[in-house]
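Novice: Predicted model and sequence follow; I will ask about them next.
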Amino acid sequence: MTQQYVAAIDQGTTSSRCIIFDRDGRIVSVGQREHRQIFPQPGWVEHDAAEIWDGVQQVVHEALEKGDITPDQLAAVGITNQRETTVVWDRETGEPVHNAIVWQDTRTDDLIRRLGGVVGQERFRERCGLPLATYFAGPKLRWLLDEVPGLRERAERGEVLFGTMDSWIIWKLTGQHITDVTNASRTMLMNLHTLQWDPEILDAIGIPAAVLPEIRSSAEVYGEATGFLAGVPVASALGDQHAALFGQTCFSPGEVKGTYGTGTFLVLNTGTEPVMSANGLLTTLGYKIGDQPAVYALEGAVAVTGSLVQWLRDNLGLIASAPEIETLALTVEDNGGCYIVPAFSGLFAPHWRSDARGVITGLTGYVNKGHLARAVLEASAWQTREVVDAMNTDSGIPLTSLKVDGGMTADNLLMQTLADVLDVEVVRPMVAETTCLGAAYAAGLAVGYWKDMESLRANWHKAAEWSPRMDPKVREREYRNWTKAVQRTLGWVEHDEQPQD
């Protein structure tokens with residue numbers, strides 16, 4: 001029998017990738033392609049879903065070609081994706097009716113405040129685990145139904161379909177209109193307890209059920225692919241942060257992973273019962289494997305970390321490539337008294353303030369570009385600290401180590417800064433592409449390629465670790481200064497009074 005592999009399609013915010021893994025969880029080959037970021041207005045972010053589908057096909061071909069692998073050698077393909085990004089397409093033609101509205105997009109800000117009414121952000125939290133915020137997919141769908149001429153009527157007739165990027169790709173591959181519990185949990189429309197669309201929330205937000213995909217587990221065969229992957233089982237879907245939790249083998253309550261990419265996402269496994277946060281975290285699904293009970297999680301989402309490095313490169317021109325930030329930051333001993341809070345689209349966890357905007361504070365004539373570079377890296381660490389403090393309080397389990405993954409973990413100075421700021425060990429695994437690995441693991445489990453979750457744990461190996469070495473007095477002084485800087489971001493955007501919905 002020829003060698004078998006599992007492929008994972010990772011449809012991310014800035015690019016799409018396909019990674020093919022062997023039975024030991026090792027990377028065999030990779031294909032990757034960026035797609036356009038479309039900014040129609042300040043605060044608006046869109047993607048062309050058709051361009052993304054073209055890119056997905058190209059990266060799968062590229063990965064197969066590089067690995068000298070044929071589709072019939074794939075035991076399964078799994079999907080992981082940028083979450084909350086919202087697509088509506090024509091059921092007959094398969095064409096998107098509008099650009100996808102990306103998770104970072106803030107156009108629904110006024111709608112969110114109208115939906116909150118006198119109750120505010122907490123209106124639906126008990127049912128869906130989420131505060132009312134521009135981040136989530138349900139209000140983005142409502143905006144499209146309101147603003148695209150004739151779309152609401154077409155939706156009610158069942159002529160158009162809604163999905164996050166997992167649904168779009170599964171539909172393109174198999175013709176099935178499906179999502180999994182993790183992605184559904186990021187729409188604000190799914191009931192956390194029933195794992196089904198919540199009729200009361202649909203009615204309140206104004207979403208016709210006819211447009212919604214069927215909710216399934218994260219690891220089961222959804223159908224066989226047609227076209228260029230004909231016959232390959234499509235067998236998993238997990239939102240990117242849930243996939244990273246699974247890829248880091250955080251299978252026990254209390255285990256935490258942090259993914260450092262465009263934004264940063266910390267996810268804590270809380271077991272088979274949802275834990276409602278009192279400290280600004282999101283209650284979400286961790287994963288659901290086939291018929292097994294769903295595993296829940298607490299998540300802290302930070303909107304801007306890696307994209308702050310891109311901003312330093314593209315908008316300010318202080319570095320020519322992202323890796324250069326570490327070299328520039330190492331030209332100075334500290335931040336020179338400078339702090340950067342990148343509230344470009346407001347602040348996410350634990351603040352949830354859409355009225356915030358970014359600030360650079362503490363500027364003096366002494367501050368140079370090295371200090372700015374260090375402040376950029378420290379912004380990722382201090383935002384992580386805020387989330388970890390909230391997790392420790394909500395869970396009652398103090399963090400003792402943090403498993404990290406994502407592109408920013410290649411920056412050793414950032415990893416040391418994280419260990420210093422959190423006062424815990426920071427650990428990077430041998431395979432840092434844990435998002436793709438998690439999707440591959442789930443797909444492999446669904447088809448029996450891997451026997452059980454314990455065999456997945458055996459594949460996890462530590463590549464590097466960092467221990468804290470910052471003086472506690474310095475740590476607390478710097479955190480106080482960071483907190484002062486955060487306060488300066490609040491209330492920047494002034495809202496007109498809006499009628500209640």
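Specialist: Cool, the structure landed. Numbering: from 1, shown residues only.

Novice: Model confidence for Asp501, exactly?
Specialist: The per-residue pLDDT reported for Asp501 equals 46.

Novice: For Val232, what are phi and psi?
Specialist: Recorded main-chain torsions at Val232 are phi -80, psi 130, according to degrees, to the nearest 10.

Novice: for it, what are its contacts?
Specialist: Taking CB atoms under 8 Å, 6 or more residues apart in numbering as the criterion, Val232 is in contact with Ala7, Pro71, Leu74, Ala76, Val77, Glu224, Ala225. (Glycine included, C-beta is placed from N, CA and C.)

Novice: Equivalent analysis for Ala278, please.
Specialist: Applying CB under 8 Å, 6+ apart, the residues contacting Ala278 are Thr393, Asp394.

Novice: Which two of the contacts of Val232 have the greatest separation?
Specialist: For the contacts of Val232, the maximum inter-member distance is 13.9 Å, found between Ala7 and Glu224 (CB to CB).

Novice: between the two, who's got more neighbours?
Specialist: Comparing Ala7 with Glu224 by neighbour count (other CB atoms under 10 Å), the higher total belongs to Ala7, at 30 against 15.

Novice: Let me know the secondary structure of the more buried one.
Specialist: Look at Ala7: counting by DSSP: H, G, I helix; E, B strand; the rest coil, its state is strand.

Novice: Next one: it relative to Ile79, how far apart?
Specialist: According to CB to CB, to the nearest Å, Ala7 and Ile79 sit 10 Å apart.

Novice: same deal with Asn99?
Specialist: From Asn99 across to Ile79, the span is 21 Å (CB to CB).

Novice: Name the residue in these two with the higher neighbour count.
Specialist: Set side by side, Asn99 and Ile79 give different neighbour counts by other CB under 10 Å, the larger being at Ile79 (31 against 20).

Novice: which residues touch that one?
Specialist: Residues in contact with Ile79, defined by CB under 8 Å, 6+ apart, are Ala8, Ile9, Gln11, Asp166, Ile169, Ile170, Val234, Ser236, Ala237, Leu238, Ala439.

Novice: Write a ChimeraX command that selects only the buried members of those residues.
Specialist: Applied in ChimeraX, the following selects the buried portion of these according to 16 or more other CB atoms under 10 Å:
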select :8,9,11,166,169,170,234,236,237,238,439
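
Novice: Among the contacts of Ile79, which are located in helices?
Specialist: Restricting the contacts of Ile79 to those inside helices, with DSSP state H as the criterion, leaves Asp166, Ile169, Ile170, Ala439.

Novice: In these, find the pair that's most separated.
Specialist: It's Ile170 and Ala439 that sit farthest apart of these, by CB to CB, at 12.1 Å.

Novice: shared neighbours, those two?
Specialist: Shared contacts of Ile170 and Ala439, defined by CB under 8 Å, 6+ apart, are found at Ile79, Ala237.

Novice: The spatially closest residue to Val387 that is not a sequence neighbour: how many residues sit nearby?
Specialist: Setting aside the residues directly before and after it, Val387 is nearest to Gly300 in space (CB to CB, 6 or more residues apart in numbering), at 3.0 Å. Other residues within reach of Gly300 by the criterion other CB under 10 Å amount to 28.

Novice: Give me the three-state assignment for Gly300.
Specialist: Secondary structure assignment for Gly300 (three-state DSSP): strand.

Novice: Tell me if I'm right that Asp105 and Trp44 touch.
Specialist: Yes - with contacts counted by CB atoms under 8 Å, Asp105 reaches Trp44, the gap being 5.6 Å.

Novice: Between those two, which has more neighbouring residues?
Specialist: When Asp105 and Trp44 are compared on other CB under 10 Å, the one with more neighbours turns out to be Asp105, at 25 against 15.

Novice: so who does the more buried one touch?
Specialist: Counting by CB under 8 Å, 6+ apart, Asp105 makes contact with Gly43, Trp44, Val45, Glu46, Thr134, Lys140, Ser345.

Novice: so how far is Ala137 from it?
Specialist: Taking CB to CB as the measure, Asp105 falls 11 Å from Ala137.

Novice: now swap in Leu151 and tell me
Specialist: From Leu151 to Ala137 the distance is 16 Å (CB to CB).

Novice: Can you pick out the residue with more neighbours from the two?
Specialist: Between Leu151 and Ala137, counted using other CB under 10 Å, the more crowded position is Ala137 (23 against 19).

Novice: what sits against that one?
Specialist: Residues in contact with Ala137, defined by CB under 8 Å, 6+ apart, are Arg83, Glu84, Thr85, Thr86, Trp103, Thr164, Arg186, Thr187, Met188, Leu189.

Novice: go again using 10 Å as the cut-off
Specialist: Neighbouring residues of Ala137 by CB atoms under 10 Å, 6 or more residues apart in numbering: 83-87, 101, 103, 162-164, 183-184, 186-189.

Novice: Find the nearest non-adjacent residue to it, please.
Specialist: Thr187 (4.2 Å).

Novice: So the one you found is in contact with Glu84, correct?
Specialist: Yes - under the contact definition of CB atoms under 10 Å, Thr187 touches Glu84, with a separation of 7.6 Å.

Novice: any residues in contact with both of the two?
Specialist: Taking CB under 10 Å, 6+ apart as the contact criterion, the common neighbours of Thr187 and Glu84 are Phe136, Ala137, Gly138, Pro139, Lys140, Thr164.
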